[in-house]
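Peer 1: what's the 3D shape of this:
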Amino acid sequence: MTEVNYFKIIKKHWQLLAAMTIAVVLVSLLITAFLPFKYRSTVQLLVIENQAGWDAYSAIRSAEQINSNLAYLINTTSFRDKVLHYGFVRQDSFPADPLKRKSAWTDAISTYAVPQTGILKIDVYHRSQTEATAIAKSIAYGLVTSGREYLGSSQVEIKIVDEPLTSRYPVKPNVPLNLGAALVLGALFSVGYVLAFSESLEKKAQMRAERAARVAAVKPDFGQVESPVELPREEDNLVAVPVFGGEQELAPVAVAVELEPEAGMVSAVDKESDFYKMLFPERN
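Peer 2: Numbers count the residues shown, from 1 in each chain. So this is what the prediction gives:
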């Protein structure tokens, strides 16, 4: 199959492509709406190991290794409990159950060691701006005051270079990013589906066309309706008959259309006229 044929297939089934893409975007919106919105507080620490005779490159490589150790240290139970007992963080910010508390703490903390700088970046996510700031401040305070104890070296110096900075609006979930990803994934999925099942789609379209043709063939055709037959009106069955004073009035007769009387026979109108002449001879 050539590229032109692919383009024709996509163009032919563009409505299906659009419907599938919109469906994926709507599902993404629905999932995003049920996710909790969280703020982010970021604090940055500078880690330096003072060793005599080290050059700058060796010091940076050592700081990067220490940052990796500190990133792992932050997620430990011992350090977490120490941070939560400083008094900056509310006790109800995390679940009381140990397993759930550990999971919630791990989800709330994200660390990143900036390469070749010796800087450790810590991001804290929470539903409350105040709590996100408090947790970030507690972690930074714990590393500055107790970091050497966990590292086992008195030559390590940890400093806060950026105080906790909290976002003004929620950053999780990232709605624009989720929508963009859903749009791209929906388009790719729909195109792949149409190309993979193009033969099946063509057969279904042909079957629908044949079914519509059969329905149209058996549909009765009444054609043009003829004009209705005009029925005789009531006034057509009336004839003028003489009354008193020589006047005439309309009166019903037995037959609407006066027929030509046969020879030797008198019509009904003539009989009625003769009857009135006999009754009123003075008016003849």
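Peer 1: Which of the three states applies to Tyr169?
Peer 2: Counting by DSSP: H, G, I helix; E, B strand; the rest coil, the backbone at Tyr169 sits in coil.
Peer 1: and it, what pLDDT?
Peer 2: Tyr169 is assigned a pLDDT of 91 by the prediction.
Peer 1: Ok, the one 10 residues further on next?
Peer 2: For Leu179, the model assigns a pLDDT of 88.
Peer 1: Likewise for Lys12?
Peer 2: 77.
Peer 1: where does it fall, phi/psi-wise?
Peer 2: Its backbone dihedrals place Lys12 at phi -70, psi -40, with angles given as degrees, to the nearest 10.
Peer 1: What distance do you get for it to Leu195?
Peer 2: Relative to Leu195, Lys12 is positioned 12 Å away (C-beta to C-beta, to the nearest Å). The way it works is simple: take the backbone N, C-alpha and C, and place the C-beta from them, glycine included.
Peer 1: do the same with Ala23
Peer 2: Distance of Ala23 to Leu195, computed by C-beta to C-beta: 18 Å.
Peer 1: just Gly180 next, same as before
Peer 2: In terms of C-beta to C-beta, Gly180 sits 23 Å off from Leu195.
Peer 1: Also Pro176?
Peer 2: Separation of Pro176 from Leu195 (C-beta to C-beta): 29 Å.
Peer 1: Tell me which helix or strand Val161 sits in.
Peer 2: When elements are assigned from DSSP states H and E, Val161 belongs to strand 156-166.
Peer 1: partners of that strand, with directions?
Peer 2: Partner strands and pairing direction for strand 156-166 (DSSP bridges) are strand 39-49 (antiparallel).
Peer 1: could you point out which element follows the strand it pairs with?
Peer 2: Read in the C-terminal direction, the helix or strand following strand 39-49 is helix 56-74, with elements assigned using DSSP H and E.
Peer 1: Quick one: list the elements packing against that following helix.
Peer 2: Under the contact definition 3 or more C-beta pairs under 8 Å, 6 or more residues apart in numbering; DSSP states H and E, helix 56-74 sits against strand 39-49, strand 109-114, strand 119-126, helix 129-151.
Peer 1: shaky segments in the stretch 1-150 of the chain?
Peer 2: In the predicted model of the stretch 1-150 of the chain, residues 1-6, 52-53 satisfy pLDDT under 70.
Peer 1: tell me the contacts of Ser107?
Peer 2: Just to correct that, residue 107 is Asp rather than Ser. Neighbouring residues of Asp107 by C-beta atoms under 8 Å, 6 or more residues apart in numbering: Tyr125.
Peer 1: so how far is Lys11 from it?
Peer 2: As defined by C-beta to C-beta, Asp107 lies at a distance of 45 Å from Lys11.
Peer 1: Next, the angle from the strand holding Val161 to strand 119-126.
Peer 2: Inter-element angle recorded for strand 156-166 and strand 119-126: 40 degrees (by axes from the mean of the first three to the mean of the last three C-alpha atoms, to 10 degrees).
Peer 1: Check what contacts strand 156-166 and list those residues.
Peer 2: The set of residues external to strand 156-166 that reach it, using C-beta under 8 Å, 6+ apart, is 39-50, 66, 70, 119, 124, 129, 132-133, 136-137, 140, 143-144, 147-148.
Peer 1: which is the next helix or strand following it?
Peer 2: Beyond strand 156-166 on the C-terminal side, the first helix or strand identified by DSSP H and E is helix 175-196.
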